[in-house]
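J.: coords below, sequence missing:
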């Protein structure tokens, strides 16, 4: 029951404010199509992406980039679902999700994105589905389980707290629990990702042509300095 209440608290906090006072939202994923993005199968107790999903992925540190991406999700749980306070709750989900860049090469704030780059991958345990009617969420925090993030654009090494929440909307059929089993449903999804402190935006590595220009520039500067010193001090005296 403690886990159930924690799941409800996380969902309510996410829906009301998006993140707590000490957690910084660093990215958001939004589906670019009308329809379902995720589905839950009560037979296999698996929550997964619904077909091939195209999302825009916004990394806040690089100015809400709206990068084109492909979304994937797979999570399973062996837990018993319950109804509490009008909410349908199932926790214990373990799995992963990812947003993979699928657009043309583009550079934003010093970072060059290439097709296939990992915009964000999350590996988690003890995530929970909480729903009421046709609206709900799928969320996790590393305070109640495990949440590990990785990204080609962001460095999560300094982060101590991490969480994510997918808002599940227009669920069909509506969330229901029968005999301890969460019933199958499909829903649209919007993902919000946060940490404390915020991750660090990685700097891109200069390409070969850039390195060549830098080396030539340093050489030119060195030559200018040597020439200036010769003019200032004159020729070196010899015996």
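T.: Arrived safely. All values reported here derive from a predicted model rather than from experimental measurement.
J.: List the buried residues in stretch 176-195.
T.: 176-177, 182, 185-195 (16 or more other CB atoms under 10 Å). Quick note: C-beta positions are derived from backbone N, CA and C, even for glycine.
J.: for stretch 34-43, same thing?
T.: Counting neighbours by 16+ other CB under 10 Å, stretch 34-43 gives 36-40, 42 as buried.
J.: Same question for stretch 51-59.
T.: 53, 55-59.
J.: Quick one: end-to-end distance for stretch 137-150.
T.: 22 Å (CA to CA, to the nearest Å).
J.: Identify the residues contacting that stretch?
T.: 3, 6-7, 10-11, 14-15, 38, 47, 75, 93, 118, 120-131, 156, 159, 161-168, 189, 193, 195, 199 (CB atoms under 8 Å, 6 or more residues apart in numbering).
J.: Swap in 6 Å and give it another go.
T.: 6, 10-11, 121-127, 129-130, 156, 162-163, 165-168 (CB atoms under 6 Å, 6 or more residues apart in numbering).
J.: Pull out the buried members of those residues.
T.: Of the contacts of stretch 137-150, these count as buried by 16+ other CB under 10 Å: 6, 10-11, 121-122, 124-127, 129-130, 156, 162-163, 165-168.
J.: I'd like to check what contacts stretch 156-163. Which residues are they?
T.: 141-142, 147, 149, 194-196, 199.
J.: Any chance of the residues you listed in TSV with pLDDT as columns?
T.: Output for these, formatted as TSV (pLDDT from 0 to 100):
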residue	pLDDT
141	97
142	96
147	98
149	98
194	98
195	97
196	97
199	95
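J.: with these in mind, which one is nearest to residue 109?
T.: residue 199 (13.8 Å; CB to CB).
J.: neighbours around residue 157, how many?
T.: Neighbour count for residue 157, taken as other CB atoms under 10 Å: 7.
J.: So it: helix, strand or coil?
T.: Classification of residue 157 using DSSP: H, G, I helix; E, B strand; the rest coil returns coil.
J.: Not including adjacent chain positions, what is the nearest residue to residue 75?
T.: Nearest residue to residue 75, sequence neighbours excluded (CB to CB, 6 or more residues apart in numbering): residue 95, at 3.1 Å.
J.: Let me know whether my guess that the one you found is in a helix holds.
T.: No - counting by three-state DSSP, one finds residue 95 to be strand, located in no helix.
J.: just the buried residues of stretch 51-59: which has the poorest pLDDT?
T.: Lowest pLDDT within those is found at residue 53 (88).
J.: wait, isn't that one in contact with residue 37?
T.: Yes - in this structure residue 53 lies within contact range of residue 37 using CB atoms under 6 Å: 5.2 Å.
J.: want to throw the buried residues of stretch 34-43 into CSV with pLDDT?
T.: Shown next, in CSV, are these (pLDDT from 0 to 100):
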residue, pLDDT
36, 97
37, 97
38, 98
39, 98
40, 98
42, 98
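J.: Quick check: the two most widely separated of these?
T.: 37 and 42 (18.4 Å).
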